[in-house]
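Chemist: Need coordinates for the below:
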Amino acid sequence: MPSRITVASAPRRHSYTRHLLHPAVPVTHVATPDRGYRAAQVMDARWVDAHADELDVFHVHFGFGDVPDDQVEAWLAALHRHGIPLVYTAHDLENPHLEDQARHRRQLDVLMARADAVVTLTGRASDRIRRRWGRDATVIPHPPVVDLRTAAAAARRPQRPAGEVVVGVHCKDNRAGMDVWPTLQAVLEVIADRADVRLRVDVRPGLEREDPDLARRVSRLAGHPRVEVRVMGYVPDGVLWRSLMAIDVAVLPYVGGTHSGWAEACVDVGTAVVVPDDLAVADQHPPPRVVGVRRRGGGAAPPDRASSRKYSLGWPRRPVVVSRSHRTVEPTRWEPQSTIERSG
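Modeler: All right, here's what the predicted structure looks like:
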């Protein structure tokens, strides 16, 4: 094994890959083409050929949806030709941005078959990978999304005054794996007889153009005495972390997908998360950090968006109340569970 491992990560600048780095772990990320690079720029045979002497391993996380199939095949052949092992972190077994999952599943078929090692974030996802692809995925929990200094400060901040609970629902984008209005209806049912609970709804700019019906419904909520509707676009990380700290419970309006960096960020700053219990995100942390609730209508919803529209979410009659001190920040011991060496 080399004394220091050089990794090409796609994407490199996402918090998942960035926060895996630690001074005690001898890993370096190879430079990537530019600040706004897409996976297609590095999941490319020509790029691998040009950087093969620098690389010890190639790590793919997500962001490969727009890479053409023939380019993926050529890239994989280049990795094999140069003896560079591939590690695939299976974050999304369903792509939450897509209505039609067919191509994403074909891409997963290729990556699962050709990767030298498969990593995922929860035991539930690992079980699914074993059943569908016959691979034993190493479970490595999601690293922090929020920087540790901010997370530590969040754990020390004062408690909210007794008798007040703030629940937040963020309509952060118009992705296929979200169904906001049924979620808002369910939360409103819960708070109807709770004078101590307030709801904060954050909507993205331009919602009235993207989804006029949802925009009209949400705008009417602004007249509720215990509902605050805010317009919130993309903001710097620090602003977003403070926004998440200002609520006690984040209810994620997910109907599809697998894992969630948003949920991880909430946990990092001491905000509890409520999600459907049939999604793997419910296993990212135990209660009360992440609480899974069942969908109305019986068992788990089908994975495709069209079928899942008929489901709404049934929340407990009492909101989850948590202490902001449930998240502790302390150094963790990093122990590799498997070893992959470059061949040749």
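Chemist: pLDDT below threshold where in the stretch 1-150 of the chain?
Modeler: The stretch 1-150 of the chain contains residues with pLDDT under 70 at 1-2, 12-13, 16-25, 31-37.
Chemist: Please name the spatially closest residue to residue 130 (chain neighbours excluded).
Modeler: Spatial nearest neighbour of residue 130, excluding adjacent residues (C-beta to C-beta, 6 or more residues apart in numbering): residue 136 at 6.2 Å. C-beta: built from backbone N, CA, C; applies to glycine.
Chemist: Repeat that for residue 90.
Modeler: residue 120 is the one closest to residue 90 (C-beta to C-beta, 6+ apart), at 4.4 Å.
Chemist: pretty sure the one you found contacts residue 126?
Modeler: Yes - using C-beta atoms under 8 Å, residue 120 makes contact with residue 126 at a distance of 5.3 Å.
Chemist: Name the residue in these two with the higher neighbour count.
Modeler: Neighbours were counted for residue 120 and for residue 126 using other C-beta atoms under 10 Å; residue 120 has more, 25 against 21.
Chemist: Could you pull up the residues touching the residue nearest to residue 90?
Modeler: 89-91, 126, 129, 137-140 (C-beta atoms under 8 Å, 6 or more residues apart in numbering).
Chemist: Check the residue sitting nearest the centre point of the chain and give its pLDDT.
Modeler: The centroid of the chain falls nearest to residue 260 when counting by C-alpha atoms, centre = their mean (2.2 Å). Here, the pLDDT recorded for residue 260 equals 94.
Chemist: That one contacts residue 254, correct?
Modeler: Yes - counting by C-beta under 8 Å, residue 260 touches residue 254, with 7.2 Å between them.
Chemist: residues shared between the contacts of these two?
Modeler: Joint contacts of residue 260 and residue 254 (C-beta under 8 Å, 6+ apart) are 275, 281.
Chemist: burial count for the closest residue to residue 205 other than its chain neighbours?
Modeler: Spatial nearest neighbour of residue 205, excluding adjacent residues (C-beta to C-beta, 6+ apart): residue 233 at 4.7 Å. By other C-beta under 10 Å, 10 other residues sit near residue 233.
Chemist: Backbone dihedrals for residue 233, please?
Modeler: phi -90, psi -160 (degrees, to the nearest 10).
Chemist: can you tell me how far it sits from residue 169?
Modeler: From residue 233 over to residue 169 the distance is 16 Å, taken as C-beta to C-beta, to the nearest Å.
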